[in-house]
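[1] Next comes the sequence, and after it the predicted model I'd like to discuss.
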Amino acid sequence: MIHLAKRLADTFTTQNHTVAVVTRNDCVFHNIKTFEAPLPNKGFSFFKKQTDKGKTYEELLYTQGLLDTPYLEKTHTIIEQAIKQFKPDILFDLGNPLAIVSGRLHNIDVYSYGHVGMFRKKAFPHECLNQFNDFLKNHQLEQLLYLHDLFKYSKHIFVFGPNSIQPFDDTQTEIIRLGTMVTPPIKGVQDHICVFLNDMQLKPRKLNAILEETFLGAPITVDIYYPHCKIQTKNNLNYYNHMFVDRIANSKLCFHDGSEYLFNLCISLGIPQVIINDSSCLVSWNAHAVKRHNIGDTFLTKDFSVASIYETYRKIIVDPTYQQNCNTFKTQTLKLGNLNTLLTYINEQ
């Protein structure tokens, strides 16, 4: 959620609000006070092997090391220091349940990012929540059956996209429905495609070999980003060191790994998208939504190959229905407003 955090920080600072962020040291925020949080330990454990990457929200955070006792205690200490020094009026929870815990302990209003995948009640190994529940008990707070039980302590939950994409009950007073995470740039000529893969579970060398075999020498420009890729231009392939919003805006199609930011960005821009689905809970929901509404396509990470990439590319490029559907969803999404709408709502409270 680092991209959403940066957009939120930019939105608030441009309106003369003072912002501080608790974040990892590998996430750069310019001209904003930061408090360094520890990196979670993603090392091997018996239960992590069983849960894979996480088909429930509890498994997802557990496999990322975000529900382990050492991480919880260290991060809680950093958040406590930040609250003591910065004295915030509001806390934002962008996927870390400790924000809601701190809000309760200090009686500070919490605004939580919500995604329908966080609220699905599916069975998961009880070990996933054991350490988090121990942490809650140590701070005299009640135990949880599901992580989403914490959201009842949030003042508001803000969600992005039309109801067909994120089906929350808008009659619930705690729900704030927004459209886009960014102010979309003006579209230019759509003359290329983007392949932005921030979290692919493939070695860079293998990933690049597949992309080059698919696109090198093809009659279309391809913009590519993945962590640690070499910045270069190779024939029709342009390699970048980060994801450029304006490059996505002017593309015919975007391949990505299903992050909520890129999922929402493509919808906001009216860009067909192909999600490489790692089967984790939030990515799977996004992938199925893309497929269900015919605004793109999806295939599993294990099927990432020259054939699957080319087949989905060709199918979407030659069928105008995908672009037509994307234009419809873009209109619906932009009508719902952006982060400035959230700021206006907060200012009116």
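    Alright, I've got the coordinates. Numbers count the residues shown, from 1 in each chain.
[2] what's stretch 131-146 in contact with?
    By Cβ atoms under 8 Å, 6 or more residues apart in numbering, the residues outside stretch 131-146 that reach it are 57-58, 67-69, 72-73, 76, 97, 101, 104-105, 121, 129, 147, 150. In this view, the C-beta of every residue, glycine as well, is placed from N, C-alpha and C.
[3] Spatially, which two of those residues are the most separated?
    When the contacts of stretch 131-146 are compared pair by pair using Cβ to Cβ, the two farthest from each other are 73 and 121, 28.3 Å apart.
[4] what distance separates the start and the end of stretch 262-275?
    One end of stretch 262-275 sits 10 Å from the other (Cα to Cα, to the nearest Å).
[5] Was I right to think residue 191 contacts residue 250?
    Yes - contact criterion Cβ atoms under 8 Å: residue 191 and residue 250 qualify, at 7.0 Å.
[6] Look at these two and report which has more neighbours.
    Set side by side, residue 191 and residue 250 show more neighbours around residue 250, with 19 against 10, by other Cβ atoms under 10 Å.
[7] How many neighbouring residues does the nearest residue in space to the more buried one that is not next to it in sequence have?
    Of all residues not flanking residue 250 in the chain, residue 188 sits nearest, at 4.5 Å (Cβ to Cβ, 6 or more residues apart in numbering). If you count neighbours by other Cβ under 10 Å, residue 188 ends up with 9.
[8] out of the contacts of stretch 131-146, which are buried?
    Taking 16 or more other Cβ atoms under 10 Å as the criterion, what is buried in these is 57-58, 67-68, 72, 76, 97, 101, 104, 129, 147, 150.
[9] low-confidence ranges in the stretch 151-300 of the chain?
    The model of the stretch 151-300 of the chain has pLDDT under 70 over residues 185-186.
[10] Adjacent strands (with direction) for the helix or strand where residue 195 lies?
    Secondary structure here is read from DSSP states H and E; on that basis residue 195 sits in strand 192-196. For strand 192-196, the paired strands and their directions (DSSP bridges) are strand 221-225 (parallel), strand 251-256 (parallel).
[11] re the thing from before, out of the buried ones among the contacts of stretch 131-146, list just those in helices.
    For the buried ones among the contacts of stretch 131-146, membership in helices holds for 57-58, 72, 76, 101, 104, 129, with DSSP state H as the criterion.
[12] Export these to JSON lines and append columns for pLDDT and distance to residue 240.
    Shown next, in JSON lines, are those (pLDDT from 0 to 100; distance: Cβ to Cβ, whole Å):
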{"residue": "57", "pLDDT": "95", "distance to residue 240": "31"}
{"residue": "58", "pLDDT": "95", "distance to residue 240": "35"}
{"residue": "72", "pLDDT": "96", "distance to residue 240": "35"}
{"residue": "76", "pLDDT": "96", "distance to residue 240": "36"}
{"residue": "101", "pLDDT": "97", "distance to residue 240": "38"}
{"residue": "104", "pLDDT": "96", "distance to residue 240": "41"}
{"residue": "129", "pLDDT": "96", "distance to residue 240": "39"}
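[13] Out of these, which comes closest to residue 178?
    When these are compared for distance to residue 178 (Cβ to Cβ), residue 57 comes out closest, at 20.4 Å.
[14] show me the contacts for residue 195.
    211, 215, 222-225, 254-256.
[15] ok, now residue 228?
    Contacts here follow Cβ under 8 Å, 6+ apart; on that basis residue 228 touches residue 204.
[16] Residue 191 too?
    Residues touching residue 191, when contacts are defined by Cβ under 8 Å, 6+ apart, comprise 220-221, 250, 252.
[17] Most widely separated two among those residues?
    Distance extremes for these: the farthest pair is 220 and 250 at 12.9 Å, using Cβ to Cβ.
[18] where do the contact lists of these two overlap?
    Among the neighbours of residue 220, those also in contact with residue 250 (Cβ under 8 Å, 6+ apart) are 191-192.
[19] so how far is the host helix or strand of residue 329 from its chain's centroid?
    Remark: residue 329 resides in helix 320-334, with elements defined by DSSP H and E. Its chain's average C-alpha position is 21 Å from that of helix 320-334, according to Cα atoms, centre = their mean, to the nearest Å.
[20] Can you check what angle separates that helix from strand 251-256?
    Angle, helix 320-334 to strand 251-256, by axes from the mean of the first three to the mean of the last three Cα atoms, to 10 degrees: 80 degrees.
[21] Give the rounded mean pLDDT of helix 320-334.
    When pLDDT is averaged along helix 320-334, the result is 96.
[22] Just the CA atoms of stretch 5-24, as CSV, please.
    Extracted as CSV, the C-alpha positions of stretch 5-24 are listed here (Å, rounded to 0.1, in the frame of the first residue of the first chain):
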residue,chain,number,x,y,z
ALA,A,5,0.3,6.1,1.4
LYS,A,6,2.3,8.4,-0.8
ARG,A,7,-0.8,9.7,-2.6
LEU,A,8,-2.5,10.3,0.8
ALA,A,9,0.5,12.1,2.1
ASP,A,10,0.7,14.3,-1.0
THR,A,11,-3.0,15.1,-0.8
PHE,A,12,-2.8,16.2,2.8
THR,A,13,0.4,18.2,2.6
THR,A,14,-0.7,20.2,-0.4
GLN,A,15,-3.7,21.3,1.7
ASN,A,16,-1.4,22.4,4.5
HIS,A,17,-1.9,19.5,6.8
THR,A,18,1.1,18.1,8.7
VAL,A,19,1.8,14.4,8.0
ALA,A,20,4.0,11.8,9.5
VAL,A,21,4.4,8.2,8.3
VAL,A,22,5.5,5.0,10.0
THR,A,23,7.2,3.1,7.2
ARG,A,24,10.0,0.8,6.3
